[in-house]
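Colleague: Sequence and predicted structure below; questions after.
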Amino acid sequence: MSTSTKPIKTSSRPGRTLAILGLILVSMVSLVFLQDSKSLQLGLDLRGGTSVTLQPRIAPGEEGGVTSEAIDQAVSIIRQRVDSLGVVESEVTAQGSGTSRQIVISVPGDTGRRVVDLVGQTAELRFRQVLASGPGLPATADATATPAAGVSAEVNAKFASLDCSKPENRQGTGADDATAVLVACDRAGGAKYILGPAEVLGRQVSKASAGLDTQAGSAWFVSLTFDNEGTAAFGALTARVTSLPEPTNQVAIVLDGLVVSAPRINEAIPSGNAQITGNFTQLEAQDLANVLKYGALPLAFDRGEVQQVSPTLGADQLNAGLLAAGLGMLLVVIFTLLYYRALGLVTVGSLAVAAIMLYTLILLMGQWIGFTLTLAGIAGAITAIGVTADSFIVYFERVKDEMREGRSLRTAAETGWVRARHTILVADFVSLIAAVLLYIFSVGGVRGFAFTLGLTTIIDLIIIFLFTKPALVLISRSKFFNSGHPLSGFSPKSLGLVIAKEA
Amino acid sequence: MSKFSGLGGRLYRGETSVNFIGRRRRWYAVSGFFVLLSIGALAVQGLQLGIEFKGGSSFTVNTANPSVSLAREAVADAGVDTEAIVQLLGDDKVRVQTKALDPAQNNAIQDALAAKFSVTLGSIDTQIIGPSWGKEITRKALYGLFGFLIVVMIYLAMALEPKMAISAIVAVVHDVFITVGIYALVGFDVTPATIIGFLTILGYSLYDTVVVFDRVRDNTKSISSLSTKTYSQAVNLAVNQTIVRSANTSIVAILPVAAILFVGAGLLGAGTLKDLSLSLFIGLIVGTYSSIFIAPAVLAQLREKEPAMQALAKRVNSRTAPMGVATPAPAVTEERRGPRNQPKRKHRK
């Protein structure tokens, strides 16, 4: 190894660097208090609850491929169903990438098997004639809606008493029998309908898109095209209802048993090309177009994984995770103190700062992106203790090597850093690649693990640059560490400089 | 401890030197044996896949009086025709595992268990895995694995040297084979948590290898102009210089993992923690081995094939040879001689 004789710049200012770190820590902690995100967001495996992972696939008897839009649509359908349970903090997310995404539903607490039963069914899109409509609340005695003609008294009674403001009535699934009359709410719960049997099916829609009518100013509309069967059926439906009185001249677009839209039919449409206009915003028009597109290719959901964790097991797992974290930390601290003596205190300090940083970041991430800490996440954090301590060891051993070259501790702390820095950056970057790829190519618990692993790798970089290095430079100026005291970790003996005497 | 530290100094100056590179045939033989054993075990026994991969249901009843026979009765009562594996977990849990069932059958078993043990449905921990789920996660894990190897190879080729990237990947693939082989051989359960462990090991093993290779790069920067060491000797010195660090980082990495393993296996009995830490534990040990014995040896072998390095070896050997020997021994080929004569060094006592 070539020993460079260049004078080493001792211009590094450890005090200032440490102050910057202190500032970062203080601002992170105050952010936690300012945002009031003091409570830890625990995953279902740590507090009990049900999680279901669904794998969307093409419904039986359909052809084509799963599209990204269809999955987005599926997520919103399932969200609608899960929200109907009224459990706070329920979550429906799509995980993974592109068309191989899974839909993950998590509902905390003991909901029995309701969640599981709810989410598995295929959602269908159907076109039904409106027979009666009214505001979403139950009819009051004085304002009885005129009973719809040709509908049984039973259906009329059901319609009258239906309360669309209750979440469970906006659940949708199941009751949607294509051949029967349907009593349904709209998605928002603002209106209710009695609907005739389905006359056109979602799969008979071949195209749907949102467009802007530039002639009429800024009016958004949705255009849709039917296939041959659909054209005939829709033509017949529109021809029949267009001259009927309100509201029976409306055709409801029903997705998953809920009315998405119920446009009035202005004329018979035998061509198979229809346009829905209204006071749509761009978003509303696009949503409706997406619903129609989804209807063209309904997805079925395979229950990939169902997990029901009792609160007892959740608490057990949380305790075990925390115990393992404490134990792992303790073992590492004992080892570094034994091996590096007083120098090990720098490691202990670094680990403590890293732990505070990780904890506050997890709190903040919980607030910002809804990150929840799972058992796998805790395991990731514990595993990362090792990665964090690795960087210190790489640095310390480099400093020792520099001292073996005859440099003073003070100089070695700087020259060793220059060399260790490259190693640490490359090695940490590899860890980061691993974490990012794990995160992309995984579902559920694995993601939590990858997330904390990646987070701690970044923290490791911050700590080694802003804490470990300046701290070592600081102590390298102290008398105790330069004296070569046996407890300092830098004694000539521990460096192997006095071996000749021993022999 | 301090004796160990003293060793660090001797290793650094090359006074104490283990001939890692020269004895590479030995390490190759050891690794080759284990890789073959792993392939054999995989072929003959295969992996003990958890229900996450095969599909199936697992019901864990939390009850003060767990009983295997009671659980079996419950499954029989449910009227579901399935083989069930029933086992006690600790003294307050009993677990029933079945093959993949349809939703109605799952509900029937849940109800029957709740009735038999007089507990609420809420105190039965249930995990139901669809039959196609395993294929899905296996596919993703494989994508992750290949994606990782490719990205890391490109990155290391840029950050270090292309041949270092190749050697590092050879070592990692070696680690994966042997770790998986151990799983096949011992028959440990493979669950998704095990897979996370496998994937994490890749990162770890590479971390260690990167540290060694970065030192090699340092040691070989001006190797051609100095002509005091062959490439293999420089690599060997680098391994010796970083071995204390490798040992320390491995210990520090294994300690927390051992803590998870202890708590996971000891207190919880089974589950994510145990599966994850077990594969990490095994993989870390294999990874440490490969970053010391395999990756540097492969690197040395790859680089020694370059004409420039062969020329260097020739110069170095002709420089060290003249001590009394008039004519360089023609019988010994360069390749053999380079690594062989290297541990002896000037700093003798």
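Modeller: Arrived safely. Residues are numbered from 1 along each chain as shown, chains lettered A, B, ... in the order given.
Colleague: Please make it C-alpha for all contacts and neighbour counts, starting now.
Modeller: Will do.
Colleague: Angles on the backbone of A:Gln275, please.
Modeller: Backbone torsions of A:Gln275, given as degrees, to the nearest 10, read phi -130, psi 130.
Colleague: In three-state terms, label A:Leu212 for me.
Modeller: strand (DSSP: H, G, I helix; E, B strand; the rest coil).
Colleague: Outline the domain layout of the chain.
Modeller: Using chain A here. Following automatic domain parsing, chain A resolves into domains at A:14-41+A:310-496, A:49-120, A:125-290.
Colleague: that answer is for a different chain, and I need it for chain B
Modeller: Split by automatic domain parsing, chain B gives B:25-49+B:134-314, B:56-129.
Colleague: which element is the residue nearest to A:Ala178 when sequence neighbours are not counted on?
Modeller: Nearest non-adjacent residue to A:Ala178, counting by CA to CA, 6 or more residues apart in numbering or on different chains: A:Ala198, 5.1 Å away. In the assignment (DSSP states H and E), A:Ala198 maps to strand A:191-201.
Colleague: Centroid-nearest residue for the chain?
Modeller: Just so you know, I chose chain A. A:Thr93 (5.9 Å; CA atoms, centre = their mean).
Colleague: wait, I meant chain B there
Modeller: Chain B, centroid-nearest residue using CA atoms, centre = their mean: B:Gly283 at 2.7 Å.
Colleague: residues in contact with the residue nearest to A:Ala178?
Modeller: A:Arg126, A:Phe127, A:Arg128, A:Gln129, A:Ala178, A:Thr179, A:Ala180 (CA atoms under 8 Å, 6 or more residues apart in numbering or on different chains).
Colleague: Which of those residues fall in strands?
Modeller: In strands, judged by DSSP state E, the following of these are found: A:Arg126, A:Phe127, A:Arg128, A:Gln129.
Colleague: coming back round to it: ok, of the domains of chain A, where does mean pLDDT dip lowest?
Modeller: Mean pLDDT values for the domains of chain A show the minimum at domain A:49-120, a mean of 78.
Colleague: tell me how far the ends of that one are from each other?
Modeller: End-to-end span of domain A:49-120 (CA to CA, to the nearest Å): 18 Å.
Colleague: so how far is that domain off the chain centroid?
Modeller: Taking CA atoms, centre = their mean, to the nearest Å, one finds domain A:49-120 lying 13 Å from the centre of the chain it belongs to.
Colleague: All the strands of the stretch 151-300 of chain A, residue numbers only.
Modeller: A:182-185, A:191-201, A:205-213, A:219-226, A:251-255, A:258-261, A:273-280, A:299-309 (DSSP state E, counting those that start in this stretch).
Colleague: and those as TSV, adding distance to A:Thr372?
Modeller: Formatted as TSV, the strands of the stretch 151-300 of chain A follow (distance: least, CA to CA, whole Å):
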stretch	distance to A:Thr372
strand A:182-185	34
strand A:191-201	36
strand A:205-213	37
strand A:219-226	39
strand A:251-255	32
strand A:258-261	32
strand A:273-280	37
strand A:299-309	16
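Colleague: Out of those, which gets nearest to A:Thr53?
Modeller: Nearest to A:Thr53, of all those, is strand A:299-309, at 5.1 Å by CA to CA.
Colleague: what's the next secondary structure element after that closest one?
Modeller: helix A:311-340.
Colleague: what packs against that following helix?
Modeller: helix A:44-47, helix A:344-369, helix A:375-404, helix B:231-263 (3 or more CA pairs under 8 Å, 6 or more residues apart in numbering or on different chains; DSSP states H and E).
Colleague: For it, list every residue counted as buried.
Modeller: A:311-314, A:316-325, A:327-329, A:331-333, A:335-340 (16 or more other CA atoms under 10 Å in any protein chain shown).
Colleague: Could you check the angle it makes with helix A:344-369?
Modeller: Inter-element angle recorded for helix A:311-340 and helix A:344-369: 150 degrees (by axes from the mean of the first three to the mean of the last three CA atoms, to 10 degrees).
Colleague: Pull out the CA atoms of stretch A:446-460 and give them to me as PDB.
Modeller: Extracted C-alpha coordinates of stretch A:446-460, given in PDB (Å, rounded to 0.1, in the frame of the first residue of the first chain):
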ATOM      1  CA  VAL A 446     -42.700  -8.600   3.200                       C
ATOM      2  CA  ARG A 447     -43.200  -5.000   2.200                       C
ATOM      3  CA  GLY A 448     -43.100  -3.900   5.800                       C
ATOM      4  CA  PHE A 449     -39.800  -5.700   6.200                       C
ATOM      5  CA  ALA A 450     -38.300  -4.100   3.100                       C
ATOM      6  CA  PHE A 451     -39.600  -0.700   4.100                       C
ATOM      7  CA  THR A 452     -38.000  -0.700   7.500                       C
ATOM      8  CA  LEU A 453     -34.800  -2.300   6.100                       C
ATOM      9  CA  GLY A 454     -34.600   0.500   3.500                       C
ATOM     10  CA  LEU A 455     -35.400   3.200   6.000                       C
ATOM     11  CA  THR A 456     -32.700   2.000   8.400                       C
ATOM     12  CA  THR A 457     -30.100   1.800   5.700                       C
ATOM     13  CA  ILE A 458     -30.700   5.500   4.900                       C
ATOM     14  CA  ILE A 459     -30.600   6.300   8.600                       C
ATOM     15  CA  ASP A 460     -27.400   4.400   8.800                       C
END
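Colleague: anything in that stretch near chain B?
Modeller: Yes. Contact of stretch A:446-460 with chain B (CA under 8 Å from any CA of the partner chain) involves A:Val446.
Colleague: ok now that stretch, how far from the chain's centre?
Modeller: 15 Å.
Colleague: With stretch A:228-248 instead?
Modeller: 43 Å.
Colleague: again with stretch B:175-187
Modeller: 9 Å.
Colleague: Equivalent analysis for stretch A:288-306, please.
Modeller: Centre to centre, stretch against its chain (CA atoms, centre = their mean), the figure for stretch A:288-306 is 20 Å.
Colleague: near chain B at all, that stretch?
Modeller: Yes. Judged by CA under 8 Å from any CA, stretch A:288-306 and chain B are in contact via A:Asp302, A:Arg303, A:Gly304, A:Glu305, A:Val306.
Colleague: Which of the three states applies to the nearest residue to the second one once chain neighbours are set aside?
Modeller: Pointing back at A:Arg303 there. Leaving aside its chain neighbours, A:Arg303 sits nearest to A:Leu54 (4.7 Å; criterion: CA to CA, 6+ apart). Using three-state DSSP as the criterion, the local structure at A:Leu54 reads strand.
Colleague: And the residue of the stretch 151-300 of chain A closest to chain B?
Modeller: A:Ala300 (13.7 Å; CA to the nearest CA).
Colleague: residues near residue 237, how many?
Modeller: As the question left the chain open, I've gone with chain A. 22 (other CA atoms under 10 Å in any protein chain shown).
Colleague: that's the wrong chain, I meant chain B
Modeller: Residues near B:Leu237, counting by other CA under 10 Å: 27.
Colleague: List the contacts of it.
Modeller: B:Tyr12, B:Gly14, B:Ser17.
Colleague: likewise A:Thr238?
Modeller: A:Thr238 neighbours (CA under 8 Å, 6+ apart): A:Ile265, A:Glu267, A:Ala268, A:Ile269.
Colleague: again, but for A:Leu425
Modeller: A:Leu461.
Colleague: Can you give the distance from the helix or strand containing it to the centre of its chain?
Modeller: Under the criterion of DSSP H and E, A:Leu425 resides in helix A:409-440. Relative to its chain's centre, helix A:409-440 lies at 29 Å (CA atoms, centre = their mean).
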